[in-house]
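**Student:** The sequence isn't on hand, but the structure is:
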């Protein structure tokens with residue numbers, strides 16, 4: 001861990017968040033219900049069993065386990081393990097916790113991070129799909145991941161066989177960042193043959209889990225982690241998915257979280273394309289290239305600074321050339337006269353006017369009148 005936690009942390013919010021996260025039987029929905037009732041993890045752990053049982057989903061056995069958690073779950077040992085293994089612990093009260101993930105209805109109380117999360121990772125897109133991918137699907141996942149990574153987006157996936165692995169590899173080959181959300185602990189890589197890939201991801205992004213670091217993979221954890229994949233992302237691209245693919249669960253989470261959903265079409269006689277075609281019939285956006293994604297994504301929750309220093313308000317800005325960026329930088333979020341844009345950008349009037357037309361088409365600015373524009 002980059003910094004040690006004080007004894008006050010271990011006696012306070014971090015310890016309470018950790019104990020609640022490590023408590024068997026407290027999943028994301030029950031945790032949300034407990035916090036809605038009591039306010040903070042500390043208040044949950046201090047509540048009487050009789051009060052805890054008033055929360056839907058909390059029975060006698062679980063209420064007693066929660067009441068005993070402070071005495072029986074060793075948060076300090078977990079913190080010490082993470083410190084020794086270079087794993088960061090991010091509770092949802094931590095300022096470094098991803099803002100975009102905190103917006104979902106049931107965010108994880110604690111994230112274990114092996115690698116690094118950067119502010120620029122707010123510009124992220126998920127690419128998911130079947131474990132039983134065809135050569136076509138693998139090519140498309142790798143191609144899209146590479147193109148989007150080169151444009152400046154972080155690629156999020158689940159480190160699974162098939163499409164997920166191709167997405168991570170595409171981002172890495174392009175020299176981009178990628179995040180892998182695991183259905184196991186970050187020290188227990190699954191599938192085991194992805195150990196080397198996991199190390200590469202941690203070196204150019206992060207391995208992330210809400211499970212404790214040494215947790216073995218469990219079937220129920222994989223559908224549950226899918227809400228984090230979509231929650232970390234501005235949108236989800238599905239590349240090849242059968243009728244019952246876990247990728248469709250991620251797409252459903254994305255819809256519920258207000259994220260964009262995209263799908264890559266496949267052959268009509270290929271069963272791995274059925275899920276994608278169903279998503280397209282239900283309103284998902286068809287994807288052929290990275291531009292299709294960048295043009296469709298909405299404004300960011302908060303402006304994000306990239307590693308090169310550029311402050312991005314909207315993913316479509318990543319499509320702009322240098323001249324278009326220059327004109328956009330001269331436009332404010334309140335009314336800006338075209339004369340001001342010309343003066344600020346230092347460009348000829350004709351060039352500014354033609355560039356404004358491009359920015360309007362990309363839905364980055366809006367004309368207020370013939371003589372004024374505003375940044376959207």
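**Tutor:** Ah, there it is. What you see is a predicted model, and the numbers here were worked out from it, not measured in a lab.

**Student:** mind checking pLDDT for the nearest residue to residue 290 once chain neighbours are set aside?
**Tutor:** In space, and not counting its chain neighbours, residue 290 is closest to residue 147: 3.7 Å by CB to CB, 6 or more residues apart in numbering. (Glycine included, C-beta is placed from N, CA and C.) For residue 147, the pLDDT comes out at 94.

**Student:** again with residue 69
**Tutor:** Predicted confidence (pLDDT) for residue 69: 88.

**Student:** ok, now how distant is residue 81 from residue 152?
**Tutor:** According to CB to CB, to the nearest Å, residue 81 stands 35 Å off from residue 152.

**Student:** surely the residue nearest to residue 290 meets residue 292?
**Tutor:** No. When contacts are counted by CB atoms under 8 Å, residue 147 is not listed as touching residue 292 (10.3 Å).

**Student:** Compare those two (neighbour count), which wins?
**Tutor:** Remark: of residue 147 and residue 292, residue 147 carries more neighbours, 19 against 15, as counted by other CB atoms under 10 Å.

**Student:** Quick check: the gap between the more buried one and residue 287.
**Tutor:** For residue 147, the distance to residue 287 - CB to CB - is 11 Å.

**Student:** Going along the chain, name the strands of the stretch 251-376 of the chain.
**Tutor:** 260-264, 285-286, 304-305, 311-312, 336-337, 365-369, 372-375 (DSSP state E, counting those that start in this stretch).

**Student:** In CSV, list these along with mean pLDDT, mean neighbour count and distance to residue 142.
**Tutor:** Listed next are these as CSV, based on pLDDT from 0 to 100; neighbours: other CB atoms under 10 Å; distance: least, CB to CB, whole Å:
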stretch, mean pLDDT, mean neighbour count, distance to residue 142
strand 260-264, 97, 24, 12
strand 285-286, 96, 15, 19
strand 304-305, 78, 18, 25
strand 311-312, 80, 14, 25
strand 336-337, 92, 16, 41
strand 365-369, 86, 14, 34
strand 372-375, 90, 18, 35
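
**Student:** now this structure, which segments are flagged as low pLDDT?
**Tutor:** Within the chain, the stretches with pLDDT under 70 are 1-11, 301.

**Student:** Pick out the residue nearest the middle of it.
**Tutor:** Nearest residue to the geometric centre of the chain (CA atoms, centre = their mean): residue 232, 1.2 Å.

**Student:** For that residue, give me its contacts.
**Tutor:** 98, 100-101, 121, 124, 126, 156, 179, 181, 208 (CB atoms under 8 Å, 6 or more residues apart in numbering).

**Student:** Closest to residue 51 out of these?
**Tutor:** Top of the list for closeness to residue 51, among these and by CB to CB, is residue 101 at 28.9 Å.

**Student:** Ignoring the adjacent residues along the chain, who's closest to the closest one?
**Tutor:** Excluding its sequence neighbours, the residue lying closest to residue 101 (CB to CB, 6+ apart) is residue 231, at 4.6 Å.

**Student:** In this structure residue 86 contacts residue 116, no?
**Tutor:** No. With contact defined as CB under 8 Å, residue 86 does not count as touching residue 116 (10.2 Å).

**Student:** First-to-last residue distance for stretch 242-250?
**Tutor:** 13 Å (CA to CA, to the nearest Å).

**Student:** And that stretch, how far out from the chain middle?
**Tutor:** 18 Å (CA atoms, centre = their mean, to the nearest Å).

**Student:** got the residue ranges for the strands in the stretch 1-150 of the chain?
**Tutor:** 87-91, 110-115, 124-129.

**Student:** Of the ones you listed, flag the one that's most buried.
**Tutor:** strand 124-129 (a mean of 31; mean count of other CB atoms under 10 Å).

**Student:** if we can go back for a sec, have a look at residue 81 and residue 152 and say which one is more surrounded.
**Tutor:** The neighbour comparison of residue 81 against residue 152 (other CB under 10 Å) goes to residue 152, with 21 against 15.

**Student:** what's near enough to touch residue 261?
**Tutor:** Taking CB under 8 Å, 6+ apart as the criterion, residue 261 is in contact with 235-236, 238, 251, 254-255, 279, 283-285.

**Student:** Excluding sequence neighbours, find me the nearest residue to it.
**Tutor:** According to CB to CB, 6+ apart, the nearest residue to residue 261 is residue 284 (4.4 Å).
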